[in-house]
Every structure is written in C-alpha cells, then in structure tokens.
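Asks: sequence? don't have it. structure:
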C-alpha cells in the first residue's frame, strides 16, 4: 500500500510538471506575440522554471486558502490565448480564485467565465502602445537593477526600451568592460539571466539583442541624444547628484529628452510620488520632472495610507532598520555626516532619515504627525521599517492584519503591498521581492488599550524600489497596459 501511494504521488507530480510546461509555453507565446503578461498573485510566470511555477501555485493556495491547481490555471490560460485581448497584465491567481468560487454554483464553463471576466480587455484595438526611449543617467546600484528590469520586461518591445546609459567618468575599453561585468554579475542578485556583449568600436553594450549606447558626460545639458537615434526620451536620473528643479532641468536642455524621473526624494516643488498611492495627482502632460521618492518612503506610505483610512493616525514614529549603502565607509574614515564614517559592515549606525517628512508629500493628512530615524545595519540589502502608531479608533491585531491582507490581494495597491504570516521570515527572504513593502503579519502588535499599533514592514531597498521606479516610468511614458488584478 505504501509503495502504491508513493507511485501515485510521483505520477501525480509528473502530471503537474507536464501541465506547468504547457502553461509556460502559453505564457511565453502571449508575452512575445500579444504583449500579454500572465502572473500568479503578482509573481512572474514568464521565464520561470517548471518547479518555480509549481512553487508559486503552492504559495497561492496558502494565500487564498483554496485548492487552486496548476490544471486550473492552465485551463484559464488556454482560454485567454483564444481571446482577442489587448496588451494587458492578467493575474491568474485572482482569476482562478474567482472561478473556483462560482464554477460549481453557476455551472459555467471556463471559456464563458474567462470571456465574461475579461470583457474590458477583449479587442486588441482597445489599446495601442508606442514604445518609449529610456536613458539611464548613472549606472550604480539602482541604475544596474533598473537596467536589468528594463531588459527583462522588454517583451514585444512596445513599452519601455533602454537606449542609452550615461556615465560621468571616462569612457574607454576598460571602463566598458567593467561596467558590463557589473551588469553580468551581482553579489546580491546573482548573475544576469541573459547575454551582455561589449561593442568597443561603437561604445555600446549589446544586451539580449538590444543595442545600448554608452555616453560619457559631466554636463547633462550638452548631450545630443538624437544623434544616437533617441527622441522624446524619458531620462531616469539615479545619480542623486541633482535633486532640485534647476539641477534636474539641465537634462531637459539636452536634445532628445522629454521628461526626467529622479530615483531619490525631490526638492522644491518636484512631485514626490509613491506609485499606486498618489501618482494620479500629478499631470504627466503638464509636468516634466518627477521624483519616485525613496525606498523607505515607498515602503511605509502604502500601509500608512491604509491604516489612516481605516483607523485614523493621531501621531507616530517610524524607525528604519536599513542595510548599509554606498554612501557609508567600508572601513573607518572621514565622512561629512555623523557616524557614517564608521565601518558599515561592522557597526549599527544611527543616522537621520527624511522618510517621516517625505510621507507628508504623498499623504498630506499626516503632515507633522510622524517622526523618523534610521539605523544602518551590517547587511548589504533587505530592510525593515517599524511603524509605531497611535490610532484614533480602537482595533485588534486580527482586524489590522485582515485589512492589510485584503489590500494585498485586491485594490489599487496590490503591486506595492505584500503580506506574510510566516513566523520564520527574515531579511534575506525578501531579497528580490517586487513589492515595495511586505507586512510581517505575525509580528503585528496592538496594545491593551487597542489604540497603539506597531507594524513591521520588510522591503528590498534596491530591487523592490527599482520595480516601483519602472511602474512609475511606464505611467509617465504613457505605456501602461490594461490590467486584470
């Protein structure tokens, strides 16, 4: 009997692998031929191995507490592939969960159900996308991750296309080789899944078949991008060298640049945006310089928005437990800022953060209600924000977690907000998570008076933030696809 059971388990697993393989082929076909991306509760299915696709399904069942199988999602994907759907992003997790809820009661076929639910996406003429040229100004930590994501998300090529990277240093064969190697390999995120070839003659990198021009310049205003075939481009400045309107305005004087996106908190009246929360408040037609705020701001604003909407925040304190960054010293040495001169990999370093004040730019009702500080820690990536909040309304741990969990599954912030009840979760587990924040539901604390709430919010301060930059870049560029989330 035991041997029979073992044989059954193996045979069942093999059938799942076959189904996952079929699903993978459909995902690839839709991605390249129709610019349709299928995901499973925001987890990528494109370019994922069979085992990882099945792992995603296992996690999905835990999230929705329903028996959503690979055979269910395969059936839905097959139905989607037969419909004339516009460029879109479709979550098979949500679609599958809804199908499980009604298929027995309504006795509806998968074909009819899919057609009914995706009616707003049907008709390839509903959305015509024209690709936007992208220039990366700077090629440091964030610049290289954004480059990886841009290449990875190119697909049919009708959204964002990386055309050039500007380096402020000297450009020669040694420089090109080193830049290429830093893109190929990364100590945190591993090897780049693709091909990077140096074109020394033309000062270019050929990345997965895409020619990316390398440009050396310390004067942004004098660059003529049009001579490289770049026009009306969105420039993403990840140097942090300029954060005010005057400094960033230099990019707009260059030929070929239409708009600028800063990957740091902007000064003056520059819109500081947490995509998914306040991005619709700023006109992309009337404004030409934008800021994607900071990684910490992007991590804490979504949960703060939800908590304030449901319970009201009287006041609070934000403590960021942040991985060390390049602006700290590897060994003790002089630094303009207090404590940051001490060895980053050996010390906990208390430092200031503008996240508390930055929140008010995205959430004006919280202006003056939050204080903030940060502790840099000896890890290279993966951070934690502790939100200690005093609420107007009483609540409980169960109610807070349920509200946050539901917002991670439905609504406008599902790309930003992740939720976990895993009591074994640690910082390395959230590396390369594409959310801007992951709520540690197991650690949520509500005091006896039911008005003091402590939330623990994880975030990948490099990868998760870069994903957010790409989302906002698509919005600014006007190349967002239709969605079924």
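Replies: Cool, got the structure. Since the structure is predicted, the reported quantities are computational estimates derived from the model, not experimental observations. Numbering: from 1, shown residues only.
Asks: And the nearest residue to residue 79 once chain neighbours are set aside, how far from residue 321?
Replies: Of all residues not flanking residue 79 in the chain, residue 114 sits nearest, at 4.0 Å (Cβ to Cβ, 6 or more residues apart in numbering). Bear in mind the C-beta positions are built from the backbone N, C-alpha and C, glycine included. Between residue 114 and residue 321 the distance is 44 Å, computed by Cβ to Cβ, to the nearest Å.
Asks: These two - which one has more neighbours?
Replies: Neighbours per residue (other Cβ atoms under 10 Å) separate residue 114 from residue 321, with residue 114 holding more: 25 against 18.
Asks: quick one: contacts for that one?
Replies: For residue 114, the contacting residues are 76, 79, 80, 83, 95, by Cβ atoms under 8 Å, 6 or more residues apart in numbering.
Asks: Do you know the pLDDT at the fourth one?
Replies: Predicted confidence (pLDDT) at residue 83: the value is 96.
Asks: beta partners of the residue nearest to it when sequence neighbours are not counted?
Replies: Distances taken as Cβ to Cβ, 6+ apart put residue 122 closest to residue 83, at 5.7 Å, once the chain neighbours are dropped. Beta-bridge pairing of residue 122 under DSSP bridges involves residue 85.
Asks: cool, the one 10 residues further on as well?
Replies: Taking DSSP bridges as the rule, residue 132 bridges to residue 160.
Asks: I figured it hits residue 158, correct?
Replies: No: in terms of Cβ atoms under 8 Å, residue 132 does not count as a neighbour of residue 158; the distance is 9.5 Å.
Asks: of the two, who's got more company?
Replies: residue 132 (21 against 17).
Asks: now this protein, which segments are flagged as low pLDDT?
Replies: Within the chain, the segments meeting pLDDT under 70 span 1-4, 6, 104.
Asks: mind running it again at 50?
Replies: Within the chain, the segments meeting pLDDT under 50 span 1.
Asks: most residues in a single helix of it, which one?
Replies: Ranked by residue count under DSSP state H, the longest helix found in the chain is helix 2-34.
Asks: helices and strands around that helix, which ones?
Replies: strand 36-40, helix 50-64, helix 70-81 (3 or more Cβ pairs under 8 Å, 6 or more residues apart in numbering; DSSP states H and E).
Asks: Could you point out which of these sits nearest residue 285?
Replies: Of all the helices and strands packed on helix 2-34, it is strand 36-40 that lies closest to residue 285, at 26.6 Å by Cβ to Cβ.
Asks: so how far is that closest one off the chain centroid?
Replies: 15 Å (Cα atoms, centre = their mean, to the nearest Å).
Asks: Can you tell me what sits against it?
Replies: 26-27, 30-31, 45-46, 53, 56-57, 60, 73, 77, 80, 85, 87-93, 155, 481.
Asks: hang on, residue 478 packs against residue 283?
Replies: No: contact criterion Cβ under 8 Å: residue 478 and residue 283 do not qualify, at 11.9 Å.
Asks: The two: which is more packed in?
Replies: Set side by side, residue 478 and residue 283 show more neighbours around residue 478, with 13 against 8, by other Cβ under 10 Å.
Asks: Show the contacting residues for that one.
Replies: 132, 284 are the contacts of residue 478 under Cβ under 8 Å, 6+ apart.
Asks: Contacts for the longest strand seen in the chain, please.
Replies: Longest strand in the chain by number of residues (criterion: DSSP state E): strand 313-323. Residues from elsewhere that reach strand 313-323 (Cβ under 8 Å, 6+ apart): 296, 300, 304, 307, 353, 355-356, 359, 366, 369-377, 379-392, 427, 461.
Asks: give me that answer again for 7 Å
Replies: 296, 300, 304, 307, 353, 355-356, 366, 369-377, 379-392, 461 (Cβ atoms under 7 Å, 6 or more residues apart in numbering).
Asks: just the buried members of the residues you listed?
Replies: 296, 300, 304, 307, 353, 355-356, 366, 369-370, 372, 374-377, 379, 381-391, 461 (16 or more other Cβ atoms under 10 Å).
Asks: Narrow those to those in helices?
Replies: Those of the buried ones among the contacts of strand 313-323 lying in helices (DSSP H): 296, 300, 304, 307, 355, 356.
Asks: Contacts only, for the second one.
Replies: In this structure, residue 300 makes contact with 318, 355, 359, 385, 387, 457, judged by Cβ under 7 Å, 6+ apart.
Asks: Could you do the fourth one as well?
Replies: Under the criterion of Cβ under 7 Å, 6+ apart, the neighbours of residue 307 are 313, 389, 453.
Asks: Good, wrapping up.
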